[in-house]
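Novice: Can you look at this prediction? I've put the sequence above it.
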Amino acid sequence: MRLTHTGSAEGFRTPGAPGYAFKDGKLYAFRRDRIVVLRGGDQPATWTKSAARPTWHSLPRLAAPALKAALRHPDRPQYQAVGLVRDCPVLGDGQLAFASFRPQFSNDLALAAFRVTIPTAIRERLRQLGFGGQQWEVYSLLARCPGALDLFDSNPALAFALANARAFHGVGRPLVSVRRLLRRRQREALGWLGFPATEMARRILTKVSVEWVKVDDLFRLRRILLNDAEASKWLSHLPFVTEDVLEVLTLRREAVSMPLLQEMVAEGSLYGGLMHSLNFQAVAPLQREFGLPWPVFRSLAALEAYGSELTRRDAAAATFRDLPDHFPPPPVLPATGCSGIRPITSPKQLYQHAEKEHNCAFSFSEAISQGQYYIYAVDHPVRATLSFVRGENSWVLCDVLGPANTALPEWTREYVLSAFDELPAALQGADAELSAVCLEDGRTPFD
C-alpha cells in the first residue's frame, strides 16, 4: 500500500481513500466523491468541490460530519493518537507508539490538530451539547457573533435557532441581523424568528435541550406556540420539553392531556427519543381501520390499554373472516317464558357478549361452528354465561359463570338451571358431570 505525505506531520493517507489530513491550519476531509475543507479558529469557513461540481463552493452541511468527528475525538483515548513526539504518535492515555504506527494514526492526528484550532470556550460548548447536522452553523454563530456565547449559556435553543436563521427568516446575510439581535432582548429575537415575542415563549425555549433538537422540532414548537394556547400553557408547566412531547402534540393533539405529558416527561429522556410517540404511531393504523375518534388519554397506561384493545379487535376481525355468519342452531332452548336466557347465534354476538362479560368466550367460536360447544347469554336475574358441551351421546352442561368468570351464588345457579326443567334427562343433574366435560388441561372453557 503506497502512502503519500501532504506536507504536515499529520498528513499520511492512502491516495483516493476516504480519510482526513491536516495542512496549513485546515482540515481536509476526503470522501469518495468530494473533498471538504474546514478552517477553524475565530473565523471558521468551509469549502467543497466534487467531480460533479469541480469549483470550490460552500455547503456548510457537508462540514458537519468532519466537525463532529473532531469534537468527539478521542472517544477512546487509549486507542487514538492526540499528538506527536519526535515522529512517534502519543495516544490519549499518554502512551507513546512507535514511529512506524504513524500512518495508522494519520486520521487521529489530523482530527486532533484541527480540534485545537477551535477556541477553547467554543469547543467546550460544542462538545458538551450536540447539534445533529447543524454543528457547523452553531460554531459559526459562536465564533462570529459577539454575545452569542452568553446567549448559548442562558437559552441554547434560541442560540441554535439563530444559528439556523436562514431556515426561519429568508435573509441573504443572516449573521448581520443576528449580531444586531444579540444586543437586544431575547423576546425580540423570538419575534424575528416567527415565534411569539412573549416571556412565556422565551421560558419554554429554555426548556428545550439542544442535545436532540433539530430545525424541524423548532418549527413544530413554533406552530404550537402560535396556534394552541392550551398546549402552550401545558409546555410552560413542564420541567423540560422533549422531542417526544413535541411529536405527540403535533401529530395527535386531540388525544393529549396535561397528565399524559407530565408522565411522558417523567418517564422519558431529557436527551430526546420518541419512546412514547411510537405508541401512538402503532395505534394509528388500527384507529383508521375501525374509523374511531381518538379518545383523550390521561396516562400512558390508558394509551397502552387502548392499543391492546384495538389489537384484540383486529385479531377478532381477522377471525370473523374465517367464521360463518351464523352458528348452527342451538341444541336446546330454555323453557317458554324465560326471556332472560338467549342462545348466541353468531360470532359477532359472541364477541359482543365476551366483551361485555370480560371473558374469553370468543376463543371458542370455531368449536361452536363445529358443533362441539354452545353458549347462552344470561341477562336476568343476573348476568352470566351458560355453556353446553357435546358429550358422547348428548349435550351436557359445562358451567354457569358470572362476569369475568366469577362464581355465582347457589340460588342463582339453581334459578338459571330451572329454565331447563323440561330438558331431557341427559341434561338433568349436569353439575355431576362437570368434571367430565372440562378441557384436557383441567380448565373450563371460560378459565
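Specialist: Noted; the coordinates are in hand.
Novice: How about residues contacting the longest helix along the chain?
Specialist: Using DSSP state H to assign secondary structure, the helix with the most residues in the chain is helix 300-320. Contact partners of helix 300-320, identified using Cβ atoms under 8 Å, 6 or more residues apart in numbering, comprise 260, 263-264, 267, 276, 279-280, 282-283, 286-287, 289-290, 292, 295, 297, 347-348, 351, 362, 365. (Glycine included, C-beta is placed from N, CA and C.)
Novice: and with 10 Å instead?
Specialist: In this structure, residues lying in contact with helix 300-320 by Cβ atoms under 10 Å, 6 or more residues apart in numbering are 248, 252, 255, 257, 259-260, 263-264, 266-267, 275-276, 279-280, 282-287, 289-290, 292, 294-297, 299, 323, 346-348, 350-351, 354-355, 362-363, 365-366.
Novice: By neighbour count, sort out the buried ones in those residues.
Specialist: Judged by neighbour count, with 16 or more other Cβ atoms under 10 Å as the criterion, the buried members of those are 248, 252, 255, 260, 263-264, 276, 279-280, 283, 286-287, 297, 323, 346-348, 350-351, 354, 362, 365.
Novice: where in the protein is pLDDT low?
Specialist: 1-16, 73-78, 129-133, 268-275, 335-338, 420-447 (pLDDT under 70).
Novice: Tell me where it has strands.
Specialist: 4-5, 12-13, 19-23, 26-30, 34-39, 45-50, 81-85, 88-91, 341-343, 373-378, 384-390, 395-401 (DSSP state E).
Novice: Kindly present these as CSV, with separate columns for distance to residue 153.
Specialist: What follows is the strands of the chain, written out as CSV (distance: least, Cβ to Cβ, whole Å):
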stretch, distance to residue 153
strand 4-5, 42
strand 12-13, 38
strand 19-23, 30
strand 26-30, 27
strand 34-39, 25
strand 45-50, 25
strand 81-85, 28
strand 88-91, 33
strand 341-343, 73
strand 373-378, 68
strand 384-390, 66
strand 395-401, 66
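Novice: Quick one: closest of those strands to residue 234.
Specialist: Using Cβ to Cβ as the criterion, the shortest distance between residue 234 and the strands of the chain is 40.2 Å, found for strand 45-50.
Novice: How much space separates residue 231 from residue 260?
Specialist: With distances defined as Cβ to Cβ, to the nearest Å, the gap from residue 231 to residue 260 amounts to 12 Å.
Novice: so what sits against both of the two?
Specialist: Contact with both residue 231 and residue 260 is made by residues residue 245, according to Cβ under 10 Å, 6+ apart.
Novice: how does the chain divide into domains?
Specialist: According to the domain assignment given by automatic domain parsing, the chain is divided into the following structural domains: 4-193, 341-437.
Novice: Need these in JSON lines (columns: distance to residue 237).
Specialist: Formatted as JSON lines, the entries for the domains of the chain read as follows, by distance: least, Cβ to Cβ, whole Å:
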{"stretch": "domain 4-193", "distance to residue 237": "18"}
{"stretch": "domain 341-437", "distance to residue 237": "37"}
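Novice: Go through those and name the closest to residue 216.
Specialist: Among these, domain 4-193 comes nearest to residue 216, with 9.3 Å by Cβ to Cβ.
Novice: residues near residue 31, how many?
Specialist: For residue 31, the count of nearby residues is 14 (other Cβ atoms under 10 Å).
Novice: Could you tell me the phi and psi values at it?
Specialist: The main-chain torsion angles of residue 31 are listed as degrees, to the nearest 10 and equal phi -120, psi 170.
Novice: Would you confirm that it contacts residue 51?
Specialist: No - taking contact to mean Cβ atoms under 10 Å, the distance of 11.0 Å between residue 31 and residue 51 leaves them out of contact.
Novice: could you measure the closest residue to residue 20 other than its chain neighbours against residue 21, distance?
Specialist: Excluding the flanking residues, the one nearest residue 20 by Cβ to Cβ, 6 or more residues apart in numbering is residue 110, at 4.0 Å. With the distance defined as Cβ to Cβ, residue 110 ends up 5 Å from residue 21.
Novice: okay, these two: which has more neighbours?
Specialist: Between residue 110 and residue 21, counted using other Cβ under 10 Å, the more crowded position is residue 110 (30 against 25).
Novice: you'd agree that one is up against residue 82?
Specialist: No - between residue 110 and residue 82 there is no contact under Cβ under 10 Å: 11.4 Å.
Novice: so what's the closest residue to residue 333 other than its chain neighbours bridging to?
Specialist: The spatially closest residue to residue 333, leaving aside those adjacent along the chain, is residue 343, at 7.0 Å (Cβ to Cβ, 6+ apart). Taking DSSP bridges, one finds residue 376 as the beta-bridge partners of residue 343.
Novice: In contact with residue 343, which residues?
Specialist: Contacts of residue 343 were listed using Cβ under 10 Å, 6+ apart, and they are 327, 329-334, 349, 374-377, 386, 388.
Novice: any idea which of these has the most stuff around it?
Specialist: Tallying neighbours with other Cβ under 10 Å puts residue 375 at the head of the contacts of residue 343, with 26 neighbours.
Novice: who's in contact with that residue?
Specialist: Applying Cβ under 10 Å, 6+ apart to residue 375 gives the contacts 327, 330, 343-344, 349-350, 353-354, 359, 361-362, 364-365, 367-368, 385-388, 398, 445-446.
Novice: Distance-wise, check it relative to residue 381.
Specialist: Look at residue 375 and residue 381: by Cβ to Cβ, they are 19 Å apart.
Novice: Farthest pair within the contacts of residue 343?
Specialist: Taking Cβ to Cβ, the two most distant members of these are 332 and 349; they sit 17.5 Å apart.
Novice: Residue 94 and residue 85: what is the separation?
Specialist: Spatial separation of residue 94 from residue 85 under the definition Cβ to Cβ is 11 Å.
Novice: Please read the previous query as pertaining to residue 151.
Specialist: Remark: distance between residue 151 and residue 85 (Cβ to Cβ) = 40 Å.
Novice: more crowded one of those two?
Specialist: For residue 151 versus residue 85, the count of surrounding residues by other Cβ under 10 Å is larger for residue 151: 20 against 10.
Novice: can you count the residues close to residue 69?
Specialist: 19.
Novice: Spit out the contact partners of it.
Specialist: Residues near residue 69 by Cβ under 10 Å, 6+ apart: 20, 27, 29, 75, 107-108, 110-111, 114-115.
Novice: 7 Å instead?
Specialist: The neighbourhood of residue 69, defined by Cβ atoms under 7 Å, 6 or more residues apart in numbering, consists of residue 111.
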